[in-house]
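Novice: Sequence first, then the predicted structure, then my questions.
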Protein chains: 2
Amino acid sequence: MTSDPLSATFAALADPTRRAILARLVTGEASVTELAEPFEMSMPAISKHLKVLERAGLIARGKEAQWRPCRLEARPLKEVADWADHYRQFWEESFDRLDEYLRVLKNEEKKHGRKPGKR
Amino acid sequence: MTSDPLSATFAALADPTRRAILARLVTGEASVTELAEPFEMSMPAISKHLKVLERAGLIARGKEAQWRPCRLEARPLKEVADWADHYRQFWEESFDRLDEYLRVLKNEEKKHGRKPGKR
């Protein structure tokens, strides 16, 4: 595992359970027990996921000894959005080219009078 | 490694060399040799990274036997941006709260007339 922060963030996000935990935490803090409930997972399995999220800075945990609530941290999520946003122009152009291509195909079909089931 | 597409995308992005390859490809197609050049990496090492990117659908490769140019694919990049965007409201509120907290701190300092070096 590499140690640069963005790689650690992406690695932590490469798991559907961890992404579901983040989606739950966007509605507010939760204890480990509350987080474990919907996943039908053992507490050690959930704890392991939480450790990965915490190490990547995606969540922080309260200091209370008994009930250490987990909460979402904004910064790494914004860094992922900022990173992806650099490619916005690229994908917008790609989808425009695809639209244009489909439009040309449609016009060609019209010109040649092709209809389904007709030769 | 899990098989859901978004997890595969995030796993592929969890490496600075692979992200640098994508950044290079946003300027246009490139051969493996061209991609390998700036990284001082062996061809097999670069090929391995390209396979991970290709499996995640982040790049596609030309069919030409000799020169199989790599090109960027838009869809998974947009999916990452869309995923991160769900958290936009959350991080905007977080940063607003931080701004507000810093503003309150500053006002408190003014009220108590604290200045550097003055007690």
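Specialist: Structure received.
Novice: Buried residues of stretch A:92-107, list them for me.
Specialist: residue A:94 (16 or more other Cβ atoms under 10 Å in any protein chain shown). All C-beta atoms are positioned from the backbone trio N, CA, C, and that covers glycine.
Novice: And the helices in chain A, which stretches?
Specialist: Using DSSP state H, the helices of chain A run over residues A:5-13, A:16-25, A:32-36, A:43-55, A:74-85, A:88-111.
Novice: Wondering if the fourth one reaches chain B at all.
Specialist: This means helix A:43-55. No - figure legend: helix A:43-55 not in contact with chain B (Cβ under 8 Å from any Cβ of the partner chain); closest approach 11.6 Å.
Novice: among the helices of chain A, which is nearest residue B:47?
Specialist: helix A:5-13 (20.1 Å; Cβ to Cβ).
Novice: Quick one: list the elements packing against the closest one.
Specialist: Packing contacts for helix A:5-13, counted by 3 or more Cβ pairs under 8 Å, 6 or more residues apart in numbering or on different chains; DSSP states H and E, involve helix A:43-55, helix A:74-85, helix B:5-13, helix B:16-25.
Novice: now what about the longest one, what contacts it?
Specialist: Read that as helix A:43-55. A:8, A:11-12, A:15, A:17-18, A:21-22, A:32-33, A:35-36, A:39, A:59-61, A:70 (Cβ atoms under 8 Å, 6 or more residues apart in numbering or on different chains).
Novice: For the buried ones among these, write the corresponding PyMOL selection.
Specialist: The PyMOL selection below is limited to those of the contacts of helix A:43-55 classed as buried (16+ other Cβ under 10 Å):
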select buried, chain A and resi 8+11+12+15+18+21+22+32+35+36+59+61+70
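Novice: which bits of chain A sit near chain B?
Specialist: A:2, A:4, A:6-8, A:10-11, A:13-16, A:19, A:22-23, A:26, A:72-75, A:77-78, A:80-81, A:83-88, A:90-91, A:94-95.
Novice: ok, of those residues, which come out buried?
Specialist: Neighbour counting over these (16+ other Cβ under 10 Å) leaves A:6-8, A:10-11, A:13-15, A:19, A:22, A:72-74, A:77-78, A:80-81, A:83-84, A:87, A:90-91, A:94 as the buried ones.
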